[in-house]
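In: sequence first, then the predicted structure:
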Amino acid sequence: MSLQKAFRDPAAAKRLSAAIAAITTRPWNIMEVCGGQTHSIIKYGIDQLLPEGVNLIHGPGCPVCVTPLEYIDKALAIAALPNVILCSFGDMLRVPGSRQDLLGLKAEGADVRIVYSPTDALEIARKHPNQEVVFFGVGFETTAPTIGLAAYQAKQSQLNNFSLLACHVRVPPVIEALLDSPDNRVQGFLGAGHVCTIMGCGEYVPLAERYRVPIVITGFEPVDVLHGLYACIKQLEEGRFEVENAYRRVVREHGNPAAQQLLRQVFEVVDRNWRGLGTIKHGGLALNDDYRDFNAERRFSVDAIATQEPVACRSGDVLKGLLKPSECSEFGVRCTPEKPLGATMVSSEGACAAYYRYRRLQHG
Ligand code: SF4
């Protein structure tokens, strides 16, 4: 059996769900942090395999979803300038800004390009020395090193027509903010395996100890998610609150030191506005002073743009786990993946998009 098939094996999933049922004696609220885990849970019906009362709360771990509207508006403002080529990952082109999305601006003639890596954007900058090339990058600690590498390479090669509109976020501060929130219901977390592949497990230990919550580092295939849930519920039932690595085939305790070194070299920790959640202290990464010349916000004077979220969209409550997507009155009515009102409907990792794709007939 291939590795992928082994982690999608129905017999293994049934064994794990039976093991979870055998150890569960009471209701628990568990948050899966990552949008990739949410997608897997809804696609494979993992929540429907759990004992009654075990409630999965879909957390804020989709990078496209938590990118604040003001960054979409900043990208739109830069892309509308003459002589600019704006590059980004495909998902970002469909995220609605205040008035339109990047795809709409491209249709009007702006030079907006989909790339698969920030280094593709570097290549475009080398080929077009008389144009300004901007890479719009979002994401967690997982993708930040690739963006950091592009900034490092641009600086080394003095590629002065290249810059970055970078909106990166950090997971531990948002977990802390959720646990500090007066309406918090989360009792245990499935940590995001890919983030810990870079950062390791150590950052989560003080959180688990201080807030008395188990944090289980978990993968993304259905058997991985069930394994993480089993470990989390076992800790809760036994009154233990530890950081546990249930994704050992990928995550090392200390993560990837070379990637961490690159992050320290290029970025600094800043307070960051998360869509729907507000400002999270130390919740983001921004290019540091050594890389200020590659900061597109500075270069194109868009740092003052600030935008209000649309009131009709309740993605903030979805991201805090206070609302299931299907409970939003706009779900499937005015808000669909073709015409999304909010970012959680745009990204394939967004909770609203996952419910729409796999559950809309159930909730229609
Ligand atoms: S269904 Fe649409 S409007 Fe409702 S919270 Fe999700 S993205 Fe926002």
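Out: That came through fine.
In: mind checking the SS state of Leu103?
Out: Recorded secondary structure, Leu103: helix (DSSP: H, G, I helix; E, B strand; the rest coil).
In: kindly report the same for the one 10 residues further on.
Out: For Arg113, the secondary-structure state derived from three-state DSSP is strand.
In: give me the spatial nearest neighbour of it, chain neighbours excluded.
Out: In this structure, Arg113 finds its nearest non-sequential neighbour in Cys87, 4.8 Å apart by Cβ to Cβ, 6 or more residues apart in numbering. (C-beta placed from N, C-alpha, C; glycine too.)
In: give me the buried positions along the helix ranked longest in the chain.
Out: What stands out as the longest helix in the chain, according to DSSP state H, is helix 222-238. Neighbour-count burial for helix 222-238 flags 222-236 (criterion: 16 or more other Cβ atoms under 10 Å).
In: now stretch 302-315
Out: For stretch 302-315, the neighbour count (16+ other Cβ under 10 Å) marks 302, 305, 309, 313-315 as buried.
In: first-to-last residue distance for that stretch?
Out: For stretch 302-315, the separation between the terminal residues is 25 Å (Cα to Cα, to the nearest Å).
In: tell me if it is near the ligand.
Out: Yes: interface with the ligand: stretch 302-315 contributes 312-315 (Cβ under 6 Å from any ligand atom).
In: off-centre distance for that stretch?
Out: Distance, stretch centre to chain centre, for stretch 302-315: 18 Å (Cα atoms, centre = their mean, to the nearest Å).
In: again with stretch 294-312
Out: On Cα atoms, centre = their mean, the centre of stretch 294-312 falls 20 Å from that of its chain.
In: and what of stretch 277-293?
Out: Put simply, stretch 277-293 sits 16 Å off its chain's centre (Cα atoms, centre = their mean).
In: and stretch 311-322, by the same measure?
Out: From the chain centre to the centre of stretch 311-322 is a distance of 15 Å (Cα atoms, centre = their mean).
In: and for it, what's in contact with it?
Out: Outside stretch 311-322, the residues that touch it by Cβ atoms under 8 Å, 6 or more residues apart in numbering are 29, 31, 57-60, 65-66, 178, 181, 183, 185-186, 274-277, 309, 323-325, 328, 330, 334-335, 341-345, 351-352.
In: from those, which land in helices?
Out: 65-66, 178, 351-352.
In: widest-spaced pair of those?
Out: The most widely separated members of the ones in helices among the contacts of stretch 311-322 are Leu178 and Cys352, with 18.8 Å between them, by Cβ to Cβ.
In: who's more crowded, the two?
Out: Counting neighbours by other Cβ atoms under 10 Å for Leu178 and for Cys352 shows that Cys352 has the greater number, 32 against 25.
In: so the more buried one makes contact with Glu327?
Out: No: contact status for Cys352 versus Glu327: not in contact, 10.7 Å apart, counting by Cβ atoms under 8 Å.
In: what about Leu93, distance to Asn130?
Out: Going from Leu93 to Asn130 by Cβ to Cβ, to the nearest Å gives 24 Å.
In: on that earlier part again, want to throw the buried residues of stretch 302-315 into CSV with distance to Val138?
Out: Shown next, in CSV, are the buried residues of stretch 302-315 (distance: Cβ to Cβ, whole Å):
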residue, distance to Val138
Val302, 15
Ile305, 16
Glu309, 16
Cys313, 18
Arg314, 21
Ser315, 15
